[in-house]
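**Student:** predicted model and sequence follow; I will ask about them next.
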Amino acid sequence: MQWPTTTERIALFLDYENLAIGARDGLGVSPFDFGPVADALAERGRVVVRRAYADWSYFDADRRLLARAHVELIEIPQHITFPEVDSADDHAFRLLIDVVRELQASGAPPQLSGLNNQLRKRLPDFSEKRYGFNSFLSFAKAARARDLITMEWDDDVGDYLLRVSG
């Protein structure tokens, strides 16, 4: 009797702008050669998801190469930028800051619970998972780590209260 073999399943999420800029500036390589990455991953298991995030208007040649490698290209426009925030997260963090600022201005600082629904009211297809976060709490903590918001636990309400930093 043969035992079934299990193959590792791999999900690949690339912050392509940072990767391509690093390859160009650090290695002098442009466009970034995805082939060695794909080969290395294929040796380790079955790649079930391939996604690359960038403002693709800056990476025309790269876009064609990645599409041939069956990488799903996620468009992250650069009309909003924060120097302290990774480009793929700009839009999501800007939305969070705007919502927290608006709710904060209308009274007490907003609670974390229910804030996700407030973001979805402004952007119905919003999902923190699209930006690589496994929960809304981890998304908010990432914004806090970048000093975009503050989070303070309030024992009276049993939730985090958020404020825009600065």
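**Tutor:** Everything's here; your move. Worth saying up front: this structure is predicted, and the values here are computed from it rather than measured.

**Student:** now the element after the longest helix seen in the chain, going C-ward?
**Tutor:** Counting residues, the longest helix in the chain under DSSP state H turns out to be helix 90-105. Toward the C-terminal end, the helix or strand that comes next after helix 90-105 (DSSP states H and E) is helix 115-122.

**Student:** name the helices or strands packed onto the helix or strand of the chain with the lowest mean pLDDT?
**Tutor:** Least confident helix or strand, the chain: helix 16-22 with a mean of 79, by mean pLDDT, DSSP states H and E. Helices and strands touching helix 16-22, as assessed by 3 or more C-beta pairs under 8 Å, 6 or more residues apart in numbering; DSSP states H and E, comprise strand 46-54, helix 60-68. The C-beta positions use only the backbone N, C-alpha and C, and glycine is treated the same way.

**Student:** centre-most residue in this protein?
**Tutor:** residue 131 (2.7 Å; C-alpha atoms, centre = their mean).

**Student:** now the nearest residue to it once chain neighbours are set aside: how far from residue 16?
**Tutor:** Residue nearest to residue 131 in three dimensions, not counting chain neighbours: residue 92, with 4.9 Å by C-beta to C-beta, 6 or more residues apart in numbering. Note on residue 92: its distance to residue 16, by C-beta to C-beta, to the nearest Å, is 17 Å.
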